[in-house]
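Enquirer: here is my input; please provide its structure:
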Amino acid sequence: MRARHPVSRAETPLRVVILAGEVGFCFGVKRAITMAEDALVQDEPVYIHGDLVHNRNVTDDLESRGLQKVRSLEGRPRGSVVVRAHGLPRTEVEEAKEAGYRIIDATCPIVLRAQEAAQMMEARGCQVVIIGDAHHAEIKGIIGALHHPALVIDTVEQLRNAKATRALRRKVGVIFQTTHALELCKDIVGELVFMCKEVQIVNTICRPVQNRQDAALSVAEDVDMMLVVGSPTSANTMELTALCHAHNPWTRHIEGAEGLRDEDLCWAHTIGIASGLSTPVHLIDEVRSAILARTDEPDFSRRPPREFYELRRHGG
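Expert: Coordinates of the predicted model:
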């Protein structure tokens, strides 16, 4: 969804809400949801390992319409298996196919390109180094596409430990979790080039993610406070929150309008809103409407200290 123009003071003299560049679903999320919805109209069971996308509002809706989240297909009637947008390890997909299930691959095309980049690095004889969260579904899918173990690094400290324990080899091929912020990866890459004899890098960061981050930062720098709407399980949402917080300490992550606090809205006159890639537009509209419905005059003297907005991994 393309952002609306900033609301004028004539429309709301009390508070101004500015939406950042692009909000709502990205292409990959829209595609995955459409594929799952199409599968659900077929007269057969539809299964999925994990969540299609990282937004509870979206997954609850799909499950209410019949999408069955399972840990194992053993003993279940034949039907369709939807591969989540973050991908699945190759072995899981092949096992489901061999067992007679129809595969609906909703893996984001950008994530597929990251898997292909990792495979290319491996074919060149490189140790694959993935900069990202080892527990994230996308990383597990990338690792599952390889024949040899990959090294997953998310901090400079983890990289130094890998070097000290000789887990890091001399010839490496580097890719990035597609939802990572390049700004937060620079230190790791900078250390890598000095630690290894040969470093090959493929930038697999999703361009829509980068564009959304850039747009959000341009808003965060010019507003009293910044709100990032999305799920705490969404990596790109939490990355976006961290970036905005670095540029505007009065930044909060919320899942929806129910997360708004009086302590935030009692003082702020200009409020920016950004969203994760899997956040439905209606949640953003609800947040915006709740802010504009306030009838009290903002009192800047009531602004909490920066410590009140200390960044937390799961918002709050």
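Enquirer: ok, and for stretch 118-133, which residues are buried?
Expert: Of the residues in stretch 118-133, 118-119, 121-122, 126-133 count as buried by neighbour count, 16 or more other CB atoms under 10 Å. Bear in mind the C-beta positions are built from the backbone N, C-alpha and C, glycine included.
Enquirer: scratch that, stretch 205-219 is what I was asking about
Expert: 205-206, 208-210, 212-213, 215-217, 219.
Enquirer: what about dumping the CA coordinates of that stretch to CSV?
Expert: Provided in CSV are the C-alpha atoms of stretch 205-219 (Å, rounded to 0.1, in the frame of the first residue of the first chain):
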residue,chain,number,x,y,z
ILE,A,205,19.1,-8.3,1.3
CYS,A,206,15.6,-7.8,-0.1
ARG,A,207,15.3,-4.5,-2.0
PRO,A,208,11.8,-3.8,-0.7
VAL,A,209,13.1,-4.2,2.8
GLN,A,210,15.9,-1.8,2.2
ASN,A,211,13.5,0.7,0.6
ARG,A,212,11.1,0.4,3.5
GLN,A,213,13.9,1.0,6.0
ASP,A,214,15.1,4.1,4.1
ALA,A,215,11.6,5.5,4.0
ALA,A,216,11.0,4.8,7.6
LEU,A,217,14.2,6.5,8.7
SER,A,218,13.4,9.6,6.7
VAL,A,219,10.2,9.9,8.8
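Enquirer: show residues contacting it.
Expert: Applying CB atoms under 8 Å, 6 or more residues apart in numbering, the set of residues contacting stretch 205-219 from outside is 3, 18-22, 26-28, 108, 110, 176-183, 226, 228, 236, 239-240, 243-244, 247, 272, 274, 277.
Enquirer: what average pLDDT does that stretch get?
Expert: Stretch 205-219 carries an average pLDDT of 91.
Enquirer: and if you look at stretch 66-84?
Expert: Rounded mean pLDDT across stretch 66-84 is 95.
Enquirer: span of it from start to end?
Expert: Stretch 66-84 has an end-to-end distance of 16 Å (CA to CA, to the nearest Å).
Enquirer: what do you get for stretch 264-272?
Expert: 12 Å.
Enquirer: the helices in the chain, which residues?
Expert: Taking DSSP state H, the helices of the chain run over residues 27-40, 56-64, 90-98, 109-123, 137-144, 156-164, 186-195, 207-220, 235-247, 262-265, 281-292.
Enquirer: so which of the contacts of stretch 205-219 are in strands?
Expert: 18-19, 176, 226, 228, 272, 274 (DSSP state E).
Enquirer: tell me the two of the residues you listed that are most distant?
Expert: Using CB to CB, the pair of these lying farthest apart is Ile18 and Phe176, separated by 29.2 Å.
Enquirer: select, out of the helices of the chain, the one closest to Glu74.
Expert: helix 90-98 (10.2 Å).
Enquirer: give me the nearest residue to the residue nearest to the spatial centre of the chain, chain neighbours excluded.
Expert: Centroid-nearest residue in the chain, with CA atoms, centre = their mean: Asn236, separated by 2.4 Å. Using CB to CB, 6 or more residues apart in numbering and skipping residues adjacent in sequence, the residue nearest Asn236 is Thr179, 3.7 Å away.
Enquirer: likewise Arg78?
Expert: Gly100 (5.1 Å).
Enquirer: what's the separation between the one you found and Pro77?
Expert: 10 Å (CB to CB, to the nearest Å).
Enquirer: for Thr59, same thing?
Expert: As for Thr59, its distance to Pro77 is 22 Å (criterion: CB to CB).
Enquirer: now Leu40
Expert: From Leu40 to Pro77 the distance is 15 Å (CB to CB).
Enquirer: so who does the residue nearest to Asn236 touch?
Expert: Going by CB under 8 Å, 6+ apart, the list of residues near Thr179 reads 138, 205-206, 209, 235-236, 239, 277.
Enquirer: Thr279 too?
Expert: Thr279 neighbours (CB under 8 Å, 6+ apart): 23-25, 55, 229-231, 234, 237.
Enquirer: what of Arg160?
Expert: Glu191.
Enquirer: repeat that for Val29.
Expert: So Val29 contacts 53, 58, 85, 108, 277-278 (CB under 8 Å, 6+ apart).
Enquirer: list just the nearest of these to Ala150.
Expert: Closest to Ala150, out of all of the contacts of Val29 and judged by CB to CB, is Cys108, at 19.1 Å.
Enquirer: between Thr59 and Pro77, which is the more surrounded one?
Expert: Here Thr59 and Pro77 are compared on neighbour count by other CB atoms under 10 Å; more neighbours surround Thr59, at 23 against 9.
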